[in-house]
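Novice: Task: produce atomic coordinates for the following.
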Amino acid sequence: MSLYGNDKMLMGIAKAEAMYAMTVLPPAWIVNFLFKLSEGDAAKLEKAAKAWEKTAKEIDGIIDSIRDTGRKLAQQDWNAESRRMFEQKVDAMCAQLEQSRAFCEVVKNALLVCAAALLAYAVFAAAMGTYLAVQATIVIGMIAGVVSAPAAAGVITASSVCMKITYGATAALAGALSIAGSIFGIHASVTAGRQERLGNTEARADFRQAMVSGSATALTNLAQNGANAGLAFVNRLDTPLKPAGIPLQKIDLDADRNKDGMWTVGGGGTVGRAGSPFSVEGGGNVKFSRNDGDFQFNGMGAEGKYSHTPPVGSNWSAGGKIDYTDEDGMFQGPKNGELGGGVNGEWGVGDGGVKAELEGKKNFEDGSWKASGNAGATYQGGDVAGYKGEYENNGKGQDQYKGTFNNPIHDLLHGGQGQK
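Specialist: Numbers count the residues shown, from 1 in each chain. Have a look, this model is predicted:
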């Protein structure tokens, strides 16, 4: 587990402390609301950044390979005018690829900036939550007659200042994420223009198509975030001791288009209350595309999770998911589809616990399949340490296994491959 994987644990601590403070400090209600708005997943952003970095390195390898092709042809073997034309084409192609490589680097850095911003906010939130929890304890001490009233009055004033500071920190986080997103969009446009000037006549059209597809995804995410912000505000007073608001806690909307033009559109939600021992998460999606102008149904998926968290004793959750995708249309064409599924579970007492997850995927086209799983310890919902492994079989007798011992300091990798 990398350093970025600690943000969920820290935000879990922050929200728990803020909820404790909410019992006696009204400003803590708004602080907890802002914490809910600012939750993210820095580990996923780091994973995406590594994928972009890998792509940049692969493009570097392609550039070297193309240039080596020309270098291997000796001048005395090919010294005609056509060679110089070939070298010009190679230079132009490598220049285009270099622009793509640079764009991948920019996206990687932008994602890492977002991940760092989320982690920094999580550290701030945990510290602020701790401070509010201490102040709430002082007020409770006044109620019990242990602390003087003037001291408690000062605490309430301080909690209002904490609320204002949290407003500022939340605005700073939003600004950092917006700037990173703007850099991504601006550099994409600039790269498309440079590619076009270097001879890629389709660059602008590809950029416009990406913007159209990205706009649909962005609008979906904006709608989701707007709805969840409203739900978080409605449920801002919801505490285990005094349930309030409505059972619907948040919604999840999704609309993504892959490189082959297939859309995955879905939605779901989480139902439960802070004072209730149970909550239910559920959702589903459908996949579709256009094939020569005709609508094509490409698959569907569903997932669900049940959580049981009583006020006293152990808590647990269990869930599962299933997904089927067929690129040339379900029950159509020569290709077969891909079936995936998984189960997950978690058990805990107090702030700590353990969790496990198992997933599998079978490709009916080439017979390959893959299974992965992970298990480990958690604290306040965040991963502390554990193990994850992945086994892959290509359907031709060759297999590969790799595993990772995760911990907050340094991950340990191992693995191997074989052939039957």
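Novice: For residue 290, what is the enclosing helix or strand?
Specialist: strand 278-291 (DSSP states H and E).
Novice: Contacts made by whichever helix or strand comes after that strand with the rest, please.
Specialist: Using DSSP H and E, the next helix or strand after strand 278-291 towards the C-terminus is strand 294-308. Residues outside strand 294-308 that contact it (CB atoms under 8 Å, 6 or more residues apart in numbering) are 262, 266, 268, 272, 277-290, 315-330, 332, 337, 344. (C-beta placed from N, C-alpha, C; glycine too.)
Novice: about what we covered before: next, the buried residues of the strand holding residue 290.
Specialist: 279, 281-283, 285, 287-289 (16 or more other CB atoms under 10 Å).
Novice: And for stretch 5-25?
Specialist: Result for stretch 5-25 [16+ other CB under 10 Å]: buried residues 5-22, 24-25.
Novice: ditto for stretch 136-143
Specialist: Result for stretch 136-143 [16+ other CB under 10 Å]: buried residues 136, 138-140, 142.
Novice: likewise stretch 350-368?
Specialist: Buried-residue list, stretch 350-368, by 16+ other CB under 10 Å: 353, 355, 357, 359, 361-363, 368.
Novice: Save these as a markdown table, and put in secondary structure and distance to residue 389 too.
Specialist: A markdown table is the format used below for the buried residues of stretch 350-368 (DSSP: H, G, I helix; E, B strand; the rest coil; distance: CB to CB, whole Å):
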| residue | secondary structure | distance to residue 389 |
| --- | --- | --- |
| 353 | strand | 21 |
| 355 | strand | 15 |
| 357 | strand | 11 |
| 359 | strand | 11 |
| 361 | strand | 15 |
| 362 | strand | 18 |
| 363 | strand | 20 |
| 368 | coil | 18 |
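Novice: of all those residues, which comes closest to residue 156?
Specialist: Closest approach to residue 156 among these (CB to CB): residue 353, at 34.6 Å.
Novice: and that closest one, what is it in contact with?
Specialist: 315, 346-347, 377-379.
Novice: Which among the residues you listed count as buried?
Specialist: Applying 16+ other CB under 10 Å to these flags 315, 346, 378-379 as buried.
Novice: Strands - which of the residues you listed land there?
Specialist: 315, 346, 378-379 (DSSP state E).
Novice: Among those, which one sits closest to residue 91?
Specialist: Of these, the one sitting nearest to residue 91 (CB to CB) turns out to be residue 378, at 53.1 Å.
Novice: Distance of residue 19 relative to residue 31?
Specialist: 10 Å (CB to CB, to the nearest Å).
Novice: Burial check on residue 266, number of neighbours?
Specialist: 19 (other CB atoms under 10 Å).
Novice: Surely it touches residue 287?
Specialist: No - taking CB atoms under 8 Å as the definition, residue 266 is not a contact partner of residue 287, at 9.0 Å.
Novice: hmm, back to that, want to throw the buried residues of stretch 350-368 into a markdown table with pLDDT and distance to residue 68?
Specialist: Below are the buried residues of stretch 350-368 laid out as a markdown table (pLDDT from 0 to 100; distance: CB to CB, whole Å):
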| residue | pLDDT | distance to residue 68 |
| --- | --- | --- |
| 353 | 90 | 53 |
| 355 | 93 | 48 |
| 357 | 95 | 43 |
| 359 | 96 | 40 |
| 361 | 94 | 36 |
| 362 | 91 | 39 |
| 363 | 89 | 34 |
| 368 | 89 | 31 |
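Novice: is it possible to export the residues you listed to a markdown table including distance to residue 228?
Specialist: Supplementary listing: the buried residues of stretch 350-368 in a markdown table, determined by distance: CB to CB, whole Å:
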| residue | distance to residue 228 |
| --- | --- |
| 353 | 25 |
| 355 | 24 |
| 357 | 24 |
| 359 | 26 |
| 361 | 30 |
| 362 | 34 |
| 363 | 35 |
| 368 | 38 |
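Novice: just to revisit the earlier point, helices - which of the buried residues of stretch 136-143 land there?
Specialist: 136, 138-140, 142 (DSSP state H).
Novice: wait, which of those is closest to residue 40?
Specialist: residue 136 (26.1 Å).
Novice: what sits against that closest one?
Specialist: Per CB under 8 Å, 6+ apart, neighbours of residue 136: 20-21, 23-25, 28.
Novice: got any ranges where the stretch 151-300 of the chain has weak pLDDT?
Specialist: 151-153, 187, 192, 194-196, 198-218, 222, 239-243, 274-275, 293 (pLDDT under 70).
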